[in-house]
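1. whatever this is, show me its structure:
(one chain, ligands or ions: 1)
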Amino acid sequence: MKPRPSGKAGFCTPSRTRVAIVAIAAIVLLTVVTRPSPSVASVSAVAGGASKHRRQLEREEQQQLEGKLRAEEEAEGEGGSVEQAEDDDDDGHGSTDDTDMGQHAAAQVEAQDAAERGWGEEQAAEAGGGGGGGTGGGTNLRKQWGEGPSEYAAALAGCTDLACLTMAAQKPRYPGQFLFPSFFVVGWQKSATTSLFFHLRGHPQVAAAHTKEPEFFSEQCGYRPTHCPQDAQEEYIHRVLRLPDVLESQLTSLSAEASTHYGRNGALLASGIHKVFPWLRIIASVREPINRAISMLAHNLDLSSKGCLTRREVYTCLKKELPGLNYSEPWEAWLQAWPRTQLYLVQYENMTSEESGVQVLQDIKRFLHIDPNLPATVEDDGSAGLPTLSQHNTRAQHLQRKGELKEGEEPEGWPIKRRQYEELLDIVRPDAERLAKLVRQHGFADSKEWLENWEMQWQATLDTCDKRGNCMIFP
Ligand SMILES: Nc1ncnc2c1ncn2[C@@H]1O[C@H](COP(=O)(O)OS(=O)(=O)O)[C@@H](OP(=O)(O)O)[C@H]1O
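-> This is a model prediction of the structure:
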């Protein structure tokens, strides 16, 4: 399980806080916690107020950050920057698509898709696990393998910044060579992204980042992918995205990373990341929102400020948090900025289910143009099996670490009244329906089944209610 610095999994916290905002937050927070308290009995109320205040500050911080970035972009636009001009030309498929670079990149992706589409049993057998990564096929971008590195590999070898990677992608590649980097897992938090990332990292055709959550474009670039600090770019390319290893594999390995703040910050990041890596494939996993929120609240028990669940008042916590959690708006931003063919939206419940999990993982690997039947697994009887998702980063682990559970204990359900749960459903249902609509409109899945998967979760909780309306949520 990955160690995660406290605060990283916050509900609404943009991880990269501006110094000024943090200073203001600290002053306000100090004011709250040091306010003279009239009696011992009011201490817990003050602590509760401080925590409420913290959340409020986090929300304000995010809003301020978004506002600031918008203002900066507008200011640049008034100065007639190229970036703004590109934005103005947006055709709904990424703001660089009307530029030469954008057209070229789109052509590359199409060519790659055409050449590599339909990875199946035959190709899997051909590659034999060694990592062919594609089926050849002729495009004007591709050249037959020669003696030395491809022009693309040669150009990449000298890259120490992101702009170099973007330019290099125009050079011809040999058949089977992947563009660098190849894919990102962008979210959502608590939707089995760690398990998915580890699963894909274990694939012989993948050379993914050694650690999950580098949060490069969010934290290090301050949510401005086209303005990343120069020195951090080289570190990111070489150490996180592992350019040397990928070049060593002759570009037959996929370079990848997983940062879960990217997905939920689609409005800030989607078009910027597209400008830098227009060929990238994006994977996002989403989970039934109430269960996801509980998983996150349990994770937040790690925070020094104590998490909301400390007193097991799950309803109060969820009622505060759920209105701020939203899938459809950020995902719409990804859809706006990226061609549909480069996006993969997966439902946690499908990916982690015994019935459909294997198939979902295969499908994700087809989307990435790698062998869907790897990494190889062995069944108990010694026969070859199909790879399944293991389980990492569980709520039980977080609660155990916090001392809320003993080693080996599993979390109980969370008590809630029926009317309270129904109130929470009223909060999450509209966004779930909007997301299901996007799922249908863009052909990610059968939207009826999609919504039913979450309705089943909701019904399962309602089925636990006794005659007095006492229910339990088992995420
Ligand atoms: N294979 C499988 N089956 C069922 N559930 C699974 C699986 N893999 C991960 N999980 C659950 O996903 C939750 C962790 O999600 P993430 O790894 O995305 O969390 S994080 O945002 O990176 O912290 C966490 O959920 P909770 O246990 O409810 O907290 C994990 O238990």
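2. which residues does A256 form a beta bridge with?
-> F183, A208 (DSSP bridges).
3. residues in contact with C159?
-> For C159, the contact set (C-beta atoms under 8 Å, 6 or more residues apart in numbering) comprises 165, 168, 237, 243. Using the backbone N, CA and C atoms, a C-beta is placed for each residue, glycine as well.
4. one more time with 10 Å, if that's ok
-> Applying C-beta atoms under 10 Å, 6 or more residues apart in numbering to C159 gives the contacts 165-168, 180, 233-234, 237-238, 243, 247.
5. which of the residues you listed tops the neighbour count?
-> F180 (27 neighbours; other C-beta atoms under 10 Å).
6. what sits closest to that one if chain neighbours are left out?
-> If the residues on either side of it in the chain are set aside, F180 comes closest to S255, at 5.2 Å by C-beta to C-beta, 6 or more residues apart in numbering.
7. hang on, isn't the one you found packed against P181?
-> Yes. Contact criterion C-beta atoms under 10 Å: S255 and P181 qualify, at 3.8 Å.
8. pull up the overlap in contacts between these two.
-> Common contact partners of S255 and P181 (C-beta under 10 Å, 6+ apart): 207-209, 237, 240-243, 246, 280.
9. adding pLDDT, write those out as CSV.
-> Listed next are those as CSV, based on pLDDT from 0 to 100:
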residue, pLDDT
A207, 98
A208, 97
A209, 97
I237, 98
V240, 98
L241, 98
R242, 98
L243, 98
V246, 98
L280, 98
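10. out of those residues, which are inside strands?
-> Of the shared contacts of S255 and P181, the ones assigned to strands by DSSP state E are 207-208.
11. so among the shared contacts of S255 and P181, which ones count as buried?
-> 207-209, 237, 240-243, 246, 280 (16 or more other C-beta atoms under 10 Å).
12. for those, which one is nearest the ligand?
-> For those, the closest approach to the ligand (C-beta to the nearest ligand atom) belongs to A209, at 13.5 Å.
13. by mean pLDDT, which helix or strand of the protein comes out lowest?
-> One helix or strand of the chain scores below all others by mean pLDDT, DSSP states H and E: helix 82-88, with a mean of 29.
14. nearest to the ligand, of the contacts of C159?
-> I237 (23.3 Å).
15. name the residues of the stretch 151-300 of the chain found near the ligand, please.
-> By C-beta under 6 Å from any ligand atom, the part of the stretch 151-300 of the chain that sits against the ligand consists of 189-195, 260, 295, 298-299.
16. now, the residues you listed that are in strands?
-> Residues from those lying in strands, with DSSP E as the criterion: none.
17. save those residues as a markdown table, and put in neighbour count, distance to P339 and pLDDT too.
-> Formatted as a markdown table, those follow (neighbours: other C-beta atoms under 10 Å; distance: C-beta to C-beta, whole Å; pLDDT from 0 to 100):
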| residue | neighbour count | distance to P339 | pLDDT |
| --- | --- | --- | --- |
| Q189 | 22 | 25 | 96 |
| K190 | 24 | 28 | 96 |
| S191 | 27 | 23 | 98 |
| A192 | 24 | 26 | 97 |
| T193 | 26 | 22 | 98 |
| T194 | 23 | 27 | 97 |
| S195 | 20 | 27 | 96 |
| T260 | 25 | 23 | 97 |
| S295 | 23 | 31 | 91 |
| A298 | 27 | 37 | 83 |
| H299 | 27 | 33 | 83 |
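18. quick one, what contacts the closest residue to L254 other than its chain neighbours?
-> Of all residues not flanking L254 in the chain, S182 sits nearest, at 3.8 Å (C-beta to C-beta, 6+ apart). Each residue near S182 by C-beta under 10 Å, 6+ apart is listed here: 112, 133, 205-208, 241, 246, 251, 253-256, 277, 279-281, 368-370.
19. does Y315 touch P415 like I think?
-> Yes. Between Y315 and P415 a contact is recorded at 8.7 Å, counting by C-beta under 10 Å.
20. between these two, which one's more packed in?
-> Neighbour comparison, Y315 and P415: the larger count goes to Y315, with 18 against 15 (by other C-beta under 10 Å).
21. for the helix or strand hosting the more buried one, buried residues please.
-> Per DSSP states H and E, Y315 falls inside helix 314-321. For helix 314-321, a neighbour-count test (16+ other C-beta under 10 Å) marks 314-315, 317-318, 320-321 as buried.
22. any chance of those in CSV, with pLDDT and distance to the ligand too?
-> Listed next are these as CSV, based on pLDDT from 0 to 100; distance: C-beta to the nearest ligand atom, whole Å:
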residue, pLDDT, distance to the ligand
V314, 89, 13
Y315, 93, 18
C317, 89, 14
L318, 92, 14
K320, 89, 19
E321, 89, 15
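23. let's have the residues you listed in TSV, adding distance to A337.
-> As requested, the buried residues of helix 314-321 are exported to TSV (distance: C-beta to C-beta, whole Å):
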residue	distance to A337
V314	36
Y315	37
C317	33
L318	31
K320	30
E321	27
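24. domain map for this structure?
-> Per the record, the chain has its domains at 19-84, 91-308+326-389, by automatic domain parsing.
25. rank those by pLDDT, which is bottom?
-> When the domains of the chain are ranked by mean pLDDT, domain 19-84 comes last with a mean of 42.
26. quick one: contacts for the residue nearest to F180?
-> Contacts here follow C-beta under 10 Å, 6+ apart; on that basis S255 touches 178-184, 206-209, 237, 240-243, 245-247, 249, 280.
27. repeat the analysis, applying 8 Å as the threshold.
-> 178, 180-182, 207-208, 241-243, 246 are the contacts of S255 under C-beta under 8 Å, 6+ apart.
28. just Q400 next, same as before
-> Contact analysis of Q400 by C-beta under 8 Å, 6+ apart lists 406-407, 409.
29. could you do M472 as well?
-> The contact partners of M472, taken as C-beta under 8 Å, 6+ apart, are 412-416, 461, 464.
30. rerun at 7 Å
-> 413-415, 464 (C-beta atoms under 7 Å, 6 or more residues apart in numbering).
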